[in-house]
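Enquirer: Structural data only, the sequence is not supplied:
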């Protein structure tokens, strides 16, 4: 008898120590990073493996927070001796949309990528969180059984590593990207046209993240558009990690359903929206720590009611 | 036997002659005005009465366009001798969001408001398109049988006639307002909080229009959020009148259903979205001229499919 493990979702990305100021307050030295937010959100829906590195300075209480998410497989978390954990500091504008980076200390991100455990080789759903596209591309060889590869990117790589990014795009099934970055990559100023053009560069589907304005999906079977979950000012505490949580909820659902047809990805966008709505309610991972499958399901039904007519 | 006429929707607003430049081209002397766009959109769903004035210079071909919408009752259209029709010129930014006003010639808008025909007195659904709030308030006395009163407003009146606007707000059932103006009126920078605060100033429900990002509804029974209908760059020809068309589609549906419960208004927002998507596809009223109940219904089902999960 062959047993097919469903623990086949993996994320490669960063683990960070963040210092954040928003209109709601500030938090110093909280857990951050794309891998962290993605994995915490995805783990509420499906088991998820992580590939990331931290330094000697990674706080014990951060390790405890990560271990609190029982669905996260930490075999690919490298504790790199003599290195520093990635640190980021930022201040959000009063409208909670724009933000300024106050400092970045790359630490382990300046060194070689973390090794991928051999037991991860059977991973089927691969999410390459934002980093240099050549590093993202290099990760793929570790996942020979990959079924669906989705990546995120940012303006920096569009500006300084466009050829590498183009080489990555043709290897992707899906791209998740912010609207401003979709405009930059496509040369279009319209979300639908930008998504369509990016699909012509490689990926089968593109999800354009519009922050508080929701998300747009361009997919071979059709398109989808969803608003964000409406939240009052006092519910919006810290937007850090919302995009990664959105991708985590999305990929968690895709992995749980073992499909990426239009209907599945539409529902996946809704799960991503719900995951992001938990993240934004507190600093660091605290919002996702208080989330459960039940609270996610409850909010999904609320979201369905708010958006259906 | 008492016969209840369902021809009970009325709009008071402007009829204009517009000159518009967008990334798609330019159009000189096309039909514009809040009343025009509202009535054309509403008439696809329900009969609608108009209260507006034009001057001697109102072009015959504009009159023919308006008459082409068979659901519009023009008894309240005043042809004012010796006066000029309102004219507006504007240029949209390349992203089709922001715009600059190039000129405004108020014409009849500087004079007394148009008279309301006595036969309009049984109107039940009243839409007060954007003008001075004291004029909007003065219109109400002509509609003693009014059931639901909804208004639009703009930043100018928030800035220079706030007391009049506040006096209007307590008389309204609903307010339709742009997001930036909702922020200005409420002092909030968050759509949900802004809508909630404006409701505390009078209206039972508030619809915040977010342009290409859709609309948000705050209603006593709950809330709703819808994206705009996704359109490619080449489908976005001229955003002028989209907000008024949205309100027209919305009020047309409310009037046709004779209800303003949450379910009806949610569906009304979808009809408004569909009407606006027709308007934006061409200059002036040309987009709505080529719309039919069938094309509206078709697009509504497409919109439902795109937004449901």
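Expert: Everything's here; your move. Every value quoted in this text rests on a predicted model; they were computed, and no experiment measured them.

Enquirer: of all the residues in chain A, which ones are close to chain B?
Expert: A:94-96, A:188-193, A:196, A:210, A:212-214, A:216, A:222-234, A:236, A:263, A:266-267, A:269-270, A:304-309 (Cβ under 8 Å from any Cβ of the partner chain). Every C-beta, even on glycine, is put in place using the N, C-alpha and C of the backbone.

Enquirer: And the residues you listed, which of them are buried?
Expert: A:96, A:188-193, A:196, A:210, A:212-214, A:216, A:223-231, A:233, A:236, A:266-267, A:269-270, A:306-309 (16 or more other Cβ atoms under 10 Å in any protein chain shown).

Enquirer: How about the contacts made by the closest residue to residue A:180 other than its chain neighbours?
Expert: Once flanking residues are discounted, residue A:180 sits nearest to residue A:155: 7.2 Å by Cβ to Cβ, 6 or more residues apart in numbering or on different chains. Residues touching residue A:155, when contacts are defined by Cβ atoms under 8 Å, 6 or more residues apart in numbering or on different chains, comprise A:180, A:181, A:184.

Enquirer: The second one reaches residue A:156, doesn't it?
Expert: When you say that, I think you mean residue A:181. No: Residue A:181 lies out of contact with residue A:156 (Cβ atoms under 8 Å); the separation is 9.5 Å.

Enquirer: Look at the residue nearest to residue A:154 when sequence neighbours are not counted and say how many residues are nearby.
Expert: Closest residue in space to residue A:154, ignoring its immediate chain neighbours: residue A:130 at 5.1 Å, by Cβ to Cβ, 6+ apart. Neighbour count for residue A:130, taken as other Cβ atoms under 10 Å in any protein chain shown: 22.

Enquirer: who touches residue A:130 in this structure?
Expert: A:13, A:34, A:151, A:152, A:153, A:154, A:157.

Enquirer: Quick check: the residue of the stretch 1-150 of chain A nearest chain B.
Expert: Ranked by Cβ to the nearest Cβ, the top residue of the stretch 1-150 of chain A for proximity to chain B is residue A:95, at 4.7 Å.

Enquirer: That residue against residue B:191, yeah?
Expert: No: Residue A:95 lies out of contact with residue B:191 (Cβ under 8 Å); the separation is 10.6 Å.

Enquirer: Give me the more crowded residue out of residue A:181 and residue A:156.
Expert: Taking other Cβ under 10 Å, residue A:181 and residue A:156 do not tie; residue A:181 has more neighbours (22 against 12).

Enquirer: Can you give me the pLDDT of the more buried one?
Expert: With respect to pLDDT, residue A:181 has a value of 97.

Enquirer: Pull the residues that contact the host helix or strand of it.
Expert: Taking DSSP states H and E as the definition, one finds residue A:181 inside helix A:179-186. With contact meaning Cβ under 8 Å, 6+ apart, helix A:179-186 is reached by A:153-155, A:158-159, A:165, A:177, A:188-189, A:191, A:193-195, A:197-198, A:201, A:206, A:208-211, A:213.

Enquirer: In helices only, show me those.
Expert: A:155, A:158, A:159, A:165, A:191, A:193, A:194, A:195, A:197, A:198 (DSSP state H).

Enquirer: Which of these sits closest to residue B:143?
Expert: Of all the ones in helices among the contacts of helix A:179-186, residue B:143 sits closest to residue A:191, with 40.9 Å by Cβ to Cβ.

Enquirer: Give the full set of residues in contact with the closest one.
Expert: Per Cβ under 8 Å, 6+ apart, neighbours of residue A:191: A:179, A:182, A:208, A:210, A:216, B:212, B:230.

Enquirer: any idea how far residue A:189 is from the closest residue to the fourth one other than its chain neighbours?
Expert: It stands for residue A:210. Among residues not flanking residue A:210 along the chain, residue A:179 sits closest, at 4.9 Å (Cβ to Cβ, 6+ apart). With the distance defined as Cβ to Cβ, to the nearest Å, residue A:179 ends up 10 Å from residue A:189.

Enquirer: who touches residue A:245 in this structure?
Expert: A:37, A:38, A:40, A:41, A:272, A:275, A:276, A:278, A:279, A:288.

Enquirer: Now secondary structure and pLDDT too, for those residues, in a markdown table please.
Expert: Rendered in a markdown table, the data for the contacts of residue A:245 read as follows (DSSP: H, G, I helix; E, B strand; the rest coil; pLDDT from 0 to 100):
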| residue | secondary structure | pLDDT |
| --- | --- | --- |
| A:37 | helix | 98 |
| A:38 | helix | 98 |
| A:40 | helix | 98 |
| A:41 | helix | 98 |
| A:272 | helix | 98 |
| A:275 | helix | 98 |
| A:276 | helix | 98 |
| A:278 | helix | 98 |
| A:279 | helix | 98 |
| A:288 | helix | 98 |
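
Enquirer: Switch the residues you listed over to CSV; also include neighbour count.
Expert: As requested, these are exported to CSV (neighbours: other Cβ atoms under 10 Å in any protein chain shown):
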residue, neighbour count
A:37, 33
A:38, 33
A:40, 31
A:41, 34
A:272, 32
A:275, 34
A:276, 31
A:278, 26
A:279, 29
A:288, 28
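
Enquirer: quick one, phi/psi of the most centrally placed residue in chain A?
Expert: For chain A, the residue sitting closest to the mean C-alpha position, by Cα atoms, centre = their mean, is residue A:244 at 2.5 Å. The phi/psi pair for residue A:244 (degrees, to the nearest 10) reads phi -70, psi -40.

Enquirer: OK, contacts around the spatially closest residue to residue A:201 that is not a sequence neighbour?
Expert: Once flanking residues are discounted, residue A:201 sits nearest to residue A:169: 4.7 Å by Cβ to Cβ, 6+ apart. Shown in contact with residue A:169 (Cβ under 8 Å, 6+ apart): A:175, A:198, A:201, A:202, A:203.

Enquirer: Between these, identify the one with the most neighbours.
Expert: residue A:175 (29 neighbours).

Enquirer: So what touches the helix or strand in which it is found?
Expert: For residue A:175, the element it lies in under DSSP H and E is strand A:174-178. The contact list for strand A:174-178 (Cβ under 8 Å, 6+ apart) reads A:148-154, A:169, A:185, A:198, A:202-211, A:243, A:246-247, A:250, A:260.

Enquirer: at 7 Å what do you get?
Expert: Contact with strand A:174-178 is made by A:148, A:150-153, A:169, A:185, A:198, A:203-209, A:243, A:247, as judged by Cβ atoms under 7 Å, 6 or more residues apart in numbering or on different chains.

Enquirer: Next, the angle from it to helix A:179-186.
Expert: Interaxial angle of strand A:174-178 relative to helix A:179-186 (axes from the mean of the first three to the mean of the last three Cα atoms, to 10 degrees): 120 degrees.

Enquirer: And the helices in chain A, which stretches?
Expert: Using DSSP H, helices in chain A cover A:34-43, A:60-67, A:133-139, A:155-160, A:162-169, A:179-186, A:191-199, A:242-257, A:262-279, A:286-289, A:293-307.

Enquirer: okay, these, which one's buried deepest?
Expert: helix A:34-43 (a mean of 31; mean count of other Cβ atoms under 10 Å in any protein chain shown).

Enquirer: Can you list the neighbours in contact with that one?
Expert: By Cβ under 7 Å, 6+ apart, helix A:34-43 touches A:9, A:11, A:13-15, A:48, A:50, A:52, A:66, A:69, A:71-72, A:127, A:129-130, A:241, A:244-245, A:247-249, A:251-252, A:275, A:279, A:285, A:288.

Enquirer: Same check on stretch A:274-288?
Expert: A:18, A:20, A:27, A:30-32, A:36-37, A:40-41, A:44, A:65, A:229, A:231, A:235-239, A:241-242, A:245-246, A:248-249, A:291, A:296, A:299-300, A:303.

Enquirer: and with 6 Å instead?
Expert: Applying Cβ atoms under 6 Å, 6 or more residues apart in numbering or on different chains, the external contacts of stretch A:274-288 come out as A:27, A:30-31, A:40-41, A:65, A:229, A:235-239, A:241-242, A:245-246, A:248-249, A:291, A:296, A:299-300.

Enquirer: And for stretch A:106-124?
Expert: Under Cβ under 6 Å, 6+ apart, the answer for stretch A:106-124 is A:8, A:10, A:49, A:51-53, A:55, A:75-76, A:78, A:80, A:83-86, A:135, A:142-143, A:145, A:147.
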